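Give me a model of this one.
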Amino acid sequence: MLFKSWIEGYAQWVLERKLKKVQRKGRFHNYDTAKTLAILFDSDNKDEFSALDTFVKELKNKGLEVFVLVFNREKECPKIFEKCHFQTYCSVKKDFNFYRAPKTKEIQDFINKPFNVLIDLSLKETYSQQYVTALSKAEFKVGAAHIKHNYCDFFIQLKASSTLRDLIQQIDYYFMKFKIN
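Below is the predicted model:
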């Protein structure tokens, strides 16, 4: 337990140091102003894939170019993601170093791409997703407010019993309400 606590502290220290060097152009977006949208998705619950799939279809119907980064803690990516009709990169255990920071070119490219919007669909906190959200060059970052270390620009407050569909519904609601002059 002490070693795990030390690794988590070290990982957070590394992230905070890297975050000080990040330069990004922050800008408020809604569905009308965004062209590119990135989604972070935790694949622990395979049942939630249908919610992601429906959400991505709706976003594409709005004319958005959508990219999805799937976080998977297994050795291989689940077969369900091979059938995706959207651009996705499924990360696996070996894509991360010992303190769970990404080490592949694909994830680094994702972090460095200046998406208009980044949506973190995490319902629980994981360091890998936190790392990508924090260092992403996205102009506008959205995620759930219940996460301890939150690096988003806009937070969605959820009940403890909320599901991924609830988070998506709230994000969709606010993005349709946002008015940008």
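
Can you pull the phi and psi angles for Trp49?
Not quite, residue 49 is Phe, not Trp. Per-residue torsions, Phe49: phi -60, psi -40 (degrees, to the nearest 10).

pretty sure it is touching Ser43, no?
Yes. Checked against CB atoms under 8 Å, the pair Phe49 and Ser43 is within contact range at 7.5 Å. C-betas here are computed from N, CA, C, even on glycine.

Need the three-state assignment for the most centrally placed residue in the chain.
Using CA atoms, centre = their mean, the residue of the chain that lies closest to the mean C-alpha position is Leu40, 2.6 Å off. Secondary structure for Leu40, judged by DSSP: H, G, I helix; E, B strand; the rest coil, is strand.

how about the residue nearest to it when sequence neighbours are not counted, what does it touch?
Take Leu40 and drop its neighbours on the chain: the residue closest to it by CB to CB, 6 or more residues apart in numbering is Asp120, 4.6 Å away. By CB atoms under 8 Å, 6 or more residues apart in numbering, the contact list for Asp120 reads Leu40, Gln129, Thr133, Lys141, Val142, Gly143, Ala144, Cys152.

Now do the helices in the protein.
For the chain, the helices defined by DSSP state H cover 2-21, 49-61, 105-112, 127-135, 164-177.
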